[in-house]
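**Student:** Show me the folded form of this:
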Amino acid sequence: MDKLTINDFIRLPKTDLHVHLDGSIRLETILDLAQSQRIRLPAEDVEGLRPFVQVGEGCKSLVEYLKAFDVTLSVMQTYDSLVRTAFELAEDAARENVRYLEVRYSPILHQQQGLTLHAIVQAVLEGLGMAEKAYGIRTGVILCGMRHISPEISLKLADLTVAFKNKGVVGFDLAGAEEDFPAKKHKEAFGRVLANNINCTLHAGEAYGPESIHQAIHQCGAHRIGHGVRLIEDGDLLNYVNDHRIPLECCPSSNVQTKAVKRMADHPMRLFFDLGLRVTVNTDNRLVTGTTVSREYQVIHEQLGFSLEEIQEIILMGFKSAFLPYAIKRAMLADVVNELKAFHPGSLESKREQL
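**Tutor:** Predicted structure coming up:
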């Protein structure tokens, strides 16, 4: 198998269906926003701040991983900061040839300075819209309920999702620590979303076992599963997910850092793919994990043995799994198929100008 370079992966058209806004802010932007908002940070320069917001493989758990968000969220409490961070995330994605980006976040976490939930959603949509015009990237928003916050809040966020249907919000999610916070408690919120014909995905099978995935699908109606690595522990459920083509939003590097898997060689994505499951490659958190979509593809190529042909198949699975209307998805897929057919590793030319 020929070894592909990071430049090859940058040139390939891609999706990122599982990326958190508050985990994907630029380090420099955190410092800049903190200075303008007079917020004290644990450090005053990029390298000093990095250990507080970017975890490595020394991270011990999902709970420890989530501590980084205390810093990022502290500077994301104003309308302008949300516009800026949303724009920059889409800009960073476009620069590595991500064609379709679904950005997720929980508006309830951005109210420390009194912003209304509607204003928070509007700010993010404004930033993403600016990036769409500037770079031609297509984007969507997924609003997140939080497992550790009351189901009543999840219901309020579900209503917010309904209010912004067809206005840029494409789905609903449940995020946060899994253990001791079962998804079934938020069942009413997902019922509200599904009753309004809106897509939903759930974080499940990351820090908790396959019963978490079972709840997500059978009690909350998940159309996709965030992470889902623990699916390997239940063959019957795995077959159900496979038979019903429920996509898995795989985030390989993040899964190692949160100890959802012990090491990259143990990641079940290779097995899932070989069994025919619909797997997608995503960043989870560009800053906190310290990655890009291109790097994630390089990781699975070098450490899980995915060939170029297999990677191209996974890329198509990403576009097929997008929360987009069928007609739009079909047209996008047709363009991507043609581009992948014409792709040659190592070529200095790309059909899409490098941004």
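
**Student:** chain center to stretch 279-292: distance?
**Tutor:** Offset of stretch 279-292 from its chain centre (Cα atoms, centre = their mean, to the nearest Å): 7 Å.

**Student:** Just the buried positions in it, please.
**Tutor:** 279-292 (16 or more other Cβ atoms under 10 Å). All C-beta spots, glycine's among them, are computed from the backbone N, C-alpha and C.

**Student:** Let's see which of those end up in strands.
**Tutor:** Among the buried residues of stretch 279-292, DSSP state E puts 279-281 in strands.

**Student:** Please identify which of the buried residues of stretch 279-292 is nearest to Asn197.
**Tutor:** Distances from Asn197 to the buried residues of stretch 279-292, taken as Cβ to Cβ, are shortest for Thr280 (22.4 Å).

**Student:** Verify the contact between the closest one and Cys251 for me.
**Tutor:** No: using Cβ atoms under 8 Å, Thr280 is not in contact with Cys251; the gap is 9.4 Å.

**Student:** so what's in contact with these two at the same time?
**Tutor:** Common neighbours of Thr280 and Cys251, counting by Cβ atoms under 8 Å, 6 or more residues apart in numbering, are His18.

**Student:** Which SSE is immediately downstream of the host helix or strand of Ile142?
**Tutor:** Element membership of Ile142 [criterion: DSSP states H and E] is strand 138-146. Sequence order places helix 151-163 as the next helix or strand after strand 138-146, per DSSP H and E.

**Student:** Same question for that following helix: list its buried residues.
**Tutor:** Neighbour counts over helix 151-163 (16+ other Cβ under 10 Å) mark 151, 154-158, 160-162 as buried.

**Student:** How about the contacts made by Thr201?
**Tutor:** Applying Cβ under 8 Å, 6+ apart, we find Thr201 in contact with 18, 142, 171-173, 222-226, 249.

**Student:** try 10 Å
**Tutor:** For Thr201, the contacting residues are 17-18, 102, 104, 142, 144, 171-175, 216, 220, 222-226, 246-247, 249, 321, 323, by Cβ atoms under 10 Å, 6 or more residues apart in numbering.

**Student:** Show me the residues you listed that map onto helices.
**Tutor:** Members of the contacts of Thr201 lying in helices (criterion: DSSP state H): Ala216.

**Student:** lowest-pLDDT helix or strand in the chain?
**Tutor:** Among the helical and strand segments of the chain, the one scoring lowest on mean pLDDT, DSSP states H and E is helix 62-65, with a mean of 77.

**Student:** and that helix, what does it pack onto?
**Tutor:** Applying 3 or more Cβ pairs under 10 Å, 6 or more residues apart in numbering; DSSP states H and E, one finds that helix 62-65 contacts helix 252-257.

**Student:** who does whatever helix or strand comes next after the helix it packs on touch, helix- and strand-wise?
**Tutor:** Using DSSP H and E, the helix or strand that follows helix 252-257 in sequence is helix 269-274. Contacts defined by 3+ Cβ pairs under 10 Å, 6+ apart place helix 269-274 against helix 235-243, strand 248-250, strand 279-281, helix 293-303, helix 308-320.
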